[in-house]
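# just the structure for this:
(one chain, ligands or ions: 1)
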Amino acid sequence: MNTNRPPRATFHQLRTLEAVARLGSITQAARELHLTQPTVSVQIQELQSAVGVALLEPAGRGIRLTEAGRLLQQTALQMTALWRTFEDDLQALQGLERGKLRIAGVTTTEYFIARWLKQFSDQHPGIDIDLSVDNRDAVVRRLERDDTDLAVMMMPPTALALESTPFLDNPLVLIGPCGHPWATRKRLPRQLLNDQRLLMREPGSGTRLATEEWLRRHAIHPDARMTLGSNEAIKHAVAAGLGLAVVSRHALAADPAQEGLAVLPLEGFPELRTWQLVWRRDRRLPLAAAAFVRHVQAH
Ligand code: PGA
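Got it, this is the predicted structure:
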């Protein structure tokens, strides 16, 4: 056997296989990769004929990997990790003048993360920054898929072996519309929340998890059936009088009245939490990411 024969599969085809396997659908993979559906199908067919076996099989309404497909997916993951090590070594050769920082933040971090990245990028102008912003579950999936080097979140998952360093305090506050009668009171018993409508973030949000934990801990049962998919939607709905909500203090203006909101002094709030900067223990941290960790630890 000629061991020098280069693989006939391309990185593009492997990336496409990964997306199709993860999403269980050609259509969704095409959307995520910004390709047409026929292009995705052709890439998969070419990959199958390159390796000579079927990689996907039908599963219900979607598709899933065959045993051979799973083997190839593992191999592709290892190849990508190896390629990243090469890029990192190359970066080490060139010093920190070049490189890429891949960082994922939960949605609330969009209110402040730019400031941190600005300071960092002023010190390291050659480093490209790739920031993605999603809710907690989506950020956790990125860590699992090795789609980001660093992540910022309040409640890191216990199922992944992670390193972490504290990033910023995150007080969670109860908000109501501006002029709410509770706003001018000194301290209100938390049982009052039992009779209120509490607007919740979507499932998968860390703010929602923390709020649910708070309610469970204090045995409070508000009417929490209304769900909104972002901090901004929550704030607008609260300002419009649709209900109360728990949000990060960082998601509010210095003077919440400017946004039509008031922080309510209910007993048990603010709920003090901390954002952590986390990364996978079983991955080598790229130089740019390691530099960002040091930057955060130094401030
Ligand atoms: P999220 O953020 O509600 O946008 O998921 C949670 C967090 O601060 O960790």
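# buried residues in the longest helix seen in the chain, which are they?
As assigned by DSSP state H, the longest helix anywhere in the chain is helix 67-94. Buried positions in helix 67-94, judged by neighbour count with 16 or more other CB atoms under 10 Å: 69, 72-73, 76, 84, 88, 91. The C-beta positions use only the backbone N, C-alpha and C, and glycine is treated the same way.
# elements contacting that helix?
Helix 67-94 sits against helix 11-23, helix 37-51, strand 99-106, helix 287-297, with contacts defined as 3 or more CB pairs under 8 Å, 6 or more residues apart in numbering; DSSP states H and E.
# so which of these gets nearest the ligand?
strand 99-106 (3.3 Å; CB to the nearest ligand atom).
# roughly how far is stretch 114-127 from the heart of the chain?
The chain centroid and the centroid of stretch 114-127 are separated by 20 Å, computed with CA atoms, centre = their mean, to the nearest Å.
# shaky segments in the protein?
Applying pLDDT under 70 to the chain flags residues 1-4, 6, 93-97.
# closest residue of it to the ligand?
Counting by CB to the nearest ligand atom, the chain gets nearest the ligand through residue 206, at 2.6 Å.
# tell me the first helix or strand C-terminal of the longest strand seen in the chain.
Longest strand in the chain, counting residues (DSSP state E): strand 162-177. Next in sequence after strand 162-177, counting helices and strands by DSSP states H and E, comes strand 198-201.
# given that following strand, what are its sheet partners and their directions?
Strand pairing for strand 198-201, using DSSP bridges, gives strand 227-228 (parallel), strand 244-248 (parallel).
# got a list of contacts for the shortest one?
Spelled out, that is strand 227-228. 199-203, 234, 237 (CB atoms under 8 Å, 6 or more residues apart in numbering).
# before we move on, what about stretch 76-96?
With CB under 8 Å, 6+ apart, stretch 76-96 has contacts from 11, 14-15, 17-18, 98-100, 124, 126-127, 146, 283-284, 286-288, 291.
# need the residues of the stretch 101-250 of the chain near the ligand, please.
By CB under 6 Å from any ligand atom, the part of the stretch 101-250 of the chain that sits against the ligand consists of 106-108, 135-136, 153-155, 201, 205-207.
# just put those in CSV and tack on secondary structure and neighbour count.
Formatted as CSV, these follow (DSSP: H, G, I helix; E, B strand; the rest coil; neighbours: other CB atoms under 10 Å):
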residue, secondary structure, neighbour count
106, strand, 26
107, helix, 23
108, helix, 28
135, coil, 21
136, helix, 24
153, strand, 24
154, coil, 21
155, coil, 17
201, strand, 26
205, coil, 25
206, helix, 24
207, helix, 27
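# and of those residues, the nearest to residue 169?
Comparing these against residue 169 with CB to CB places residue 154 closest, at 10.4 Å.
# distance check, the closest one against residue 135.
11 Å (CB to CB, to the nearest Å).
# in this structure residue 201 contacts residue 210, no?
No: between residue 201 and residue 210 there is no contact under CB atoms under 8 Å: 9.8 Å.
# the closest residue to residue 185 other than its chain neighbours - how many residues pack around it?
Among residues not flanking residue 185 along the chain, residue 265 sits closest, at 6.1 Å (CB to CB, 6 or more residues apart in numbering). Counted with other CB atoms under 10 Å, residues neighbouring residue 265 total 16.
# ok, back up a step: hey, which of the strands paired with strand 198-201 is tucked in deepest?
Highest mean neighbour count of the strands paired with strand 198-201: strand 244-248, a mean of 24 (counted as mean count of other CB atoms under 10 Å).
# kindly export it (C-alpha atoms) in CSV.
C-alpha atoms of strand 244-248 as CSV (Å, rounded to 0.1, in the frame of the first residue of the first chain):
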residue,chain,number,x,y,z
LEU,A,244,-41.8,41.6,35.8
ALA,A,245,-38.6,39.9,34.9
VAL,A,246,-35.1,39.0,36.2
VAL,A,247,-32.2,40.3,34.1
SER,A,248,-28.5,41.0,34.6
